[in-house]
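S.K.: what follows is a predicted protein model with its sequence.
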Amino acid sequence: MTAPDLTVVVPTFNEAPNVAELVRQVADALDGVDAEVLFVDDSRDDTPDVIREVAATATIPVRLIHRDEPVGGLSGAVQAGLADSAAPWCVVMDGDLQHPPALIPALLATARAEDADVVVASRYTSDGSAGGLANATRRMVSSVSTSVTRAMFPVRLADCSDPMTGFFAVRREAVDLGRLQPRGFKILLEILARHRLRVAEIPFVFGERFAGESKASFAQGMRFLAQLAALRFGRMSRFAIIGGFGALVNIALVALLTGFGLPYLAAAIVAAEITIVMNFLLQERFVFADLRHEGRSTARRFAGSFAFNNVETAVRMPLLVLLVSSAHIAAVPATAVTLLVAFVARFVFHARVVYRPRSRRVPVDALEDVGVLPDEASSGT
């Protein structure tokens, strides 16, 4: 048998009610394309039997890999599907029809037009939308997670607005499967963080689930955090170390200034301003040195950093008072919560605003062309 031009890789876990409709819509979308659908199934219900029944009458070739002992969760299933495919291109999509099969031809057309290695269907660009997520809380979690992730990989993800999506096309030879360490369900992030790839995007509207229940859970969230920590701990850890050092300097300055008779409030303000300036200088040297050439002058970077830190401090203090006086949270845990939130906010702001990398894209007709990014993962940035 000759290899198809395209493999649609669909990782599934208890998605039996969606299989027939998914295959029908994929077949309609790819009419005239030499393509196949490959289900990589970790189900504990009758999903494998349903896939076999649908395959017998489908107008597009349908194959099944059923994993009795799944490794790596959804990401591991995608890796297994990519490994099994002989096609030059693979499209990865969920099995619940929240990813519209009708967009598959647009993914492939964009790949050809932009000479891209990966084409991402993004909820956060142009006319895209995450409206199909179950509720406002999930939409907020998705948006915040995306912002934090892009802040942790500012170069590799400079031109990818939705690294958390599970809907994308990838040139099979561009991915070294041996480099992947799949865990959880964010396989695109794993691919982009470990490779230098040409990336393009198209917008898409995240739809409502056709049938069945969402697999999102607290455990999945914890696995995502573990994945982030494994992929990128260098830049954020250096940012945290400098922040901790700044806190110690702040305390020492307050003690010194009050020892010379300066009122506590005045001493705290002076210490805070000195610490903000010191932290900026250290961040320039040890955290964001590789991004200082990305288009903003030192003065503009300092102004942005200085303004944000002062605003953050002005907001955090009343919030701390509110938590202690109105929410009746003890001072120590309330302080810890506000400091943790402030740390994440400062890191995201500095990585996404103060040191935001230039876009690598150059307009090509109505599309944009993305160049190869520096090897961010190996450089620890």
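M.R.: Sure thing, it's come through. Residues are numbered from 1 along each chain as shown.
S.K.: contacts, neighbours, all on C-alpha from now
M.R.: OK.
S.K.: isn't residue 108 up against residue 169?
M.R.: Yes - with contact defined as Cα atoms under 8 Å, residue 108 counts as touching residue 169 (7.1 Å).
S.K.: more crowded one of the two?
M.R.: Set side by side, residue 108 and residue 169 show more neighbours around residue 169, with 30 against 21, by other Cα atoms under 10 Å.
S.K.: is it true that the more buried one touches residue 110?
M.R.: No - Residue 169 is not in contact with residue 110 according to Cα under 8 Å; the separation is 9.7 Å.
S.K.: list residues touching both of the two?
M.R.: In terms of Cα atoms under 8 Å, 6 or more residues apart in numbering, residue 169 and residue 110 are both contacted by the residues residue 119.
S.K.: any common contacting residues for residue 108 and residue 169?
M.R.: Counting by Cα under 8 Å, 6+ apart, the contacts common to residue 108 and residue 169 are residue 119.
S.K.: how many residues are close by the residue nearest to residue 201 when sequence neighbours are not counted?
M.R.: Nearest non-adjacent residue to residue 201, counting by Cα to Cα, 6 or more residues apart in numbering: residue 120, 4.6 Å away. With neighbours defined by other Cα under 10 Å, the count for residue 120 comes to 28.
S.K.: pLDDT value on residue 117, please?
M.R.: Note on residue 117: pLDDT of 95.
S.K.: ok, now which ones touch it?
M.R.: Going by Cα under 8 Å, 6+ apart, residue 117 touches 111, 170, 171, 174, 197, 198, 199.
S.K.: who wins on neighbours among those residues?
M.R.: Comparing the contacts of residue 117 by number of neighbours (other Cα under 10 Å), residue 199 comes first, having 28 neighbours.
S.K.: what's the nearest residue to that residue if we skip its chain neighbours?
M.R.: Nearest residue to residue 199, sequence neighbours excluded (Cα to Cα, 6+ apart): residue 118, at 5.0 Å.
S.K.: quick one, phi/psi of that neighbour?
M.R.: Note on residue 118: backbone dihedrals following degrees, to the nearest 10 are phi -140, psi 140.
S.K.: next, residue 340: secondary structure please.
M.R.: Under the three-state scheme (DSSP: H, G, I helix; E, B strand; the rest coil), residue 340 adopts helix.
S.K.: please enumerate the helices of the stretch 51-200 of the chain.
M.R.: With DSSP state H, counting those that start in this stretch as the criterion, the stretch 51-200 of the chain has helices at 73-84, 104-114, 136-152, 187-194.
S.K.: these: which one's closest to residue 281?
M.R.: Residue 281 sits nearest to helix 136-152 of all the helices of the stretch 51-200 of the chain, at 19.4 Å, using Cα to Cα.
S.K.: quick one on the thing from earlier: export the helices of the stretch 51-200 of the chain to CSV and tack on distance to residue 63?
M.R.: Below are those laid out as CSV (distance: least, Cα to Cα, whole Å):
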stretch, distance to residue 63
helix 73-84, 10
helix 104-114, 18
helix 136-152, 32
helix 187-194, 21
